[in-house]
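> All I have is the shape, not the residue letters:
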Ligand code: FES
Ligand code: FES
Ligand SMILES: [Fe+2]
């Protein structure tokens, strides 16, 4: 390497996963969560942005549709003032251009039903799937062709649970899902990497949920071999990396560090495992409590913002199960895990953003042993770009 | 797509095909407009691009001025043309039918609608990085306001600062990067660009640039790819590799990269890196003289070709390098049974 590597530049290293470093705006041509089902009542429209694509999501006769959120007439966002005048259509509130939901064709103009443009123009549509309370949209090139199955862009279904009790998959039947999502400052990759990062336990050291549950959380977990992080590359299926915390032979927990006089707190051991998947979803098995699973999505909005999704799922067989889950969700998991514990992550991610945007952090970072699984993730993610989102703005680089 | 309601055109009148001469500001193109077809439709069918938007006669963008002949739009409709404009010969070409051989004037150049229009601008040097003893990577930043796009494999001309000498270089960066272009340039003992790069070049310098130029680039069929690059002929291959990264095919990509001397080699780590994230990429580096670098072969790009490289009948070959290498490679590929139309070559001359 050249002399510049001594001055802290990691440009030579980032070349090993260059496509990932380039993916500021995220990976195009993937399925992303758009809204929770109960956020989109029948007859309503919501506007979202994924990878620079402004998308209007509209529910009509129960079914969700996704269309470009930009009127072809004068370019306003349809979602700026939702107007749904009939089933199967969406109307622009400004001059009444009305589009069919199935294919986006201009079907009428409210005040000019004989306009020559009708039937000859339209906006693009996006494939939609809805499952277990989440509406997913396939976002990317208009000419991509048939999208791959939704399951290929979600965390894999695990079967190798060490206690023989695998957590539910997002597409399983007989499960409940609750969750939140919020728009955050920061590039999607910083969030994704934080989710996987085995080295960041320190940030959670004083979190209420751990104190309340007396959880034994080490100061760190150090990998003993490079198989501690497993690459999962299923043909036509999900691609991801997994920290094999289920294998005690692969990790050494650090319980105290005399140099700074710090000891791990808590006495109750608890098993969980984390994995990160293309294009940006996390699975934390048996978190925040056993038999539950936390899924997170880091959905790129633009190069400086992402939508942070936090979802908890568990298996249920009866209405009592659902009531019990809802009670725990409202009174424990939402405030202490999704808002409490995860807010430490949010704080850390936002704090990272400045370095990576203004100081070219991708080429000026000094990763250490602890970061082996982040590197494994970057390399894996670099191999599967179906495409890249690009800035849609014409007035900026 | 709909056409203008032809029933509004007297049937008897439209019976023959008529030639229409489209006079762009940069030249004339003649198309034949069949009876019952609009001029816009006929132009589209002939591959001649015209400015248009709505295609139904409402927006007014497709306007042209009829200098002579007979061009008629169906009556009984409201158009976005005023009476005086009609009288001056203006017609909406998406609605117009030709009743006689006609000449239509357009107020824009045909080149404006090319997919990758040529632009002339002044770029700024963003970085000058020596990749080895004799190769420099030059990074140019284009002004924000310039809309530049290109196809991987194309090149630009640039004026050597302080001189009137122009030189051509292929983009080594991908087509996704439109404001920041990189070039890999061989630095020779003498020569205008070589002297500039060796002695003068500094970040912030201004360089006049014209492009994109050239028809070298990936053919659009998804068979295996064979790339043969001599020296800085590697540049367009790097650009095309970025396109292939997201092409979603599993066909093998074989890159043969040859240099005369060890000292001329560059980008070996870059190629290594690309191999790590492009699973279907195989790289063969070859040097004329024996060298002591692992995995580097002795010989030339042609001598290390194998029948296996072109065994698949859909293989496309891309060649870029000095003329002698191109010729040898082409002969060898033909000998191995490749058909000539699957061999694409870009020649460069040292300068
Ligand atoms: S801007 Fe939407 S109808 Fe005019
Ligand atoms: S294209 Fe709009 S009027 Fe002809
Ligand atoms: Fe965390």
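Sure, I can see it. Values in this document were obtained by computation on a predicted structure and should not be read as measured data. Residues are numbered from 1 along each chain as shown, chains lettered A, B, ... in the order given. Ligands and ions are numbered 1, 2, ... in the order given.
> Next up, the contacts around the nearest residue to residue B:275 once chain neighbours are set aside.
Nearest residue to residue B:275, sequence neighbours excluded (Cβ to Cβ, 6 or more residues apart in numbering or on different chains): residue B:281, at 5.2 Å. In short, each C-beta sits where N, CA and C put it, glycine included. By Cβ atoms under 8 Å, 6 or more residues apart in numbering or on different chains, the contact list for residue B:281 reads B:241, B:253, B:255, B:274, B:275.
> Same check on residue A:268?
With Cβ under 8 Å, 6+ apart, residue A:268 has these contacts: A:213, A:214, A:215, A:216.
> out of those, which is most surrounded?
Comparing the contacts of residue A:268 by number of neighbours (other Cβ atoms under 10 Å in any protein chain shown), residue A:215 comes first, having 19 neighbours.
> Touching, it and residue A:266? I think so.
Yes - the criterion here is Cβ atoms under 8 Å, and residue A:215 meets it with residue A:266 at 4.5 Å.
> burial count for residue B:216?
Neighbours of residue B:216 (other Cβ under 10 Å): 20.
> And it, how far from ligand 1?
43 Å (Cβ to the nearest ligand atom, to the nearest Å).
> Now do the contacts for that residue.
Contacts of residue B:216 (Cβ under 8 Å, 6+ apart): B:153, B:154, B:155, B:170, B:236, B:318, B:320, B:344, B:345, B:346.
> In terms of pLDDT, where does residue 141 sit?
Just going to use chain A. For residue A:141, the model assigns a pLDDT of 95.
> should've been chain B
Residue B:141 is given a pLDDT of 96.
> Model confidence at the residue of the stretch 201-350 of chain B at minimum distance from ligand 1, what's the number?
The nearest approach of the stretch 201-350 of chain B to ligand 1 comes at residue B:246, 33.1 Å away (Cβ to the nearest ligand atom). On pLDDT, residue B:246 comes in at 90.
> With the one 5 residues further on instead?
We note a pLDDT of 95 for residue B:251 in this prediction.
> now do residue A:3
41.
> Next, count neighbours for the residue lying closest to the residue of the stretch 201-350 of chain B closest to ligand 1 once chain neighbours are set aside.
Spatial nearest neighbour of residue B:246, chain neighbours left out: residue A:387 (4.9 Å); criterion: Cβ to Cβ, 6+ apart. When neighbours are counted by other Cβ under 10 Å, residue A:387 registers 21.
> need the contact list for residue A:387.
A:27, A:28, A:29, A:140, A:141, A:144, B:246.
> from the contacts of residue B:281, which ones fall inside helices?
B:241, B:274, B:275 (DSSP state H).
> I figured the last one hits residue B:283, correct?
Yes - applying Cβ under 8 Å, one finds residue B:275 in contact with residue B:283, separated by 5.7 Å.
> can you count the residues close to the residue of the stretch 151-300 of chain B found nearest ligand 1?
Relative to ligand 1, the nearest point of the stretch 151-300 of chain B is residue B:178 (28.7 Å; Cβ to the nearest ligand atom). Using other Cβ under 10 Å, residue B:178 has 16 neighbouring residues.
> now it: how far from ligand 2?
Residue B:178 is 28 Å from ligand 2, by Cβ to the nearest ligand atom.
> Wasn't that residue part of a strand?
No - assigned with DSSP: H, G, I helix; E, B strand; the rest coil, residue B:178 falls outside any strand and is coil.
> what residues are up against it?
B:142, B:147, B:148, B:149, B:150.
> now do 7 Å
B:148, B:149 (Cβ atoms under 7 Å, 6 or more residues apart in numbering or on different chains).
> Backbone torsions only: list them for the closest residue to residue A:142 other than its chain neighbours.
The shortest distance from residue A:142 to any non-neighbouring residue, by Cβ to Cβ, 6+ apart, is to residue A:124 (5.3 Å). The phi and psi values for residue A:124, taken as degrees, to the nearest 10, are phi -80, psi 160.
> Residue A:270 now?
Residue torsions, per degrees, to the nearest 10, at residue A:270 are phi -150, psi 130.
> For beta bridges, what are the partners of the nearest residue to it once chain neighbours are set aside?
Spatial nearest neighbour of residue A:270, excluding adjacent residues (Cβ to Cβ, 6+ apart): residue A:215 at 5.6 Å. For residue A:215, the beta-bridge partners are residue A:268 (DSSP bridges).
> Show me the residue sitting in the middle of the chain in space.
Since no chain was named, I'll use chain A. Central residue of chain A (Cα atoms, centre = their mean): residue A:297, 1.5 Å from the mean position.
> hm, I was asking about chain B
Nearest to chain B centroid, counting by Cα atoms, centre = their mean: residue B:151, 4.2 Å.
> The closest residue to that one other than its chain neighbours: how many residues sit nearby?
Counting by Cβ to Cβ, 6+ apart, residue B:151 lies nearest to residue B:217, which is 4.5 Å off, once chain neighbours are set aside. For residue B:217, the neighbour count with other Cβ under 10 Å is 21.
> surely residue B:217 meets residue B:154?
Yes - shown here, residue B:217 and residue B:154 form a contact pair, counting by Cβ atoms under 7 Å, at 6.4 Å.
> end-to-end on stretch A:89-102?
8 Å (Cα to Cα, to the nearest Å).
> Do it and ligand 1 come into contact?
Yes - using Cβ under 6 Å from any ligand atom, stretch A:89-102 comes into contact with ligand 1 via A:92, A:94, A:95, A:96, A:97.
> between these, which is nearest ligand 2?
residue A:97 (15.7 Å).
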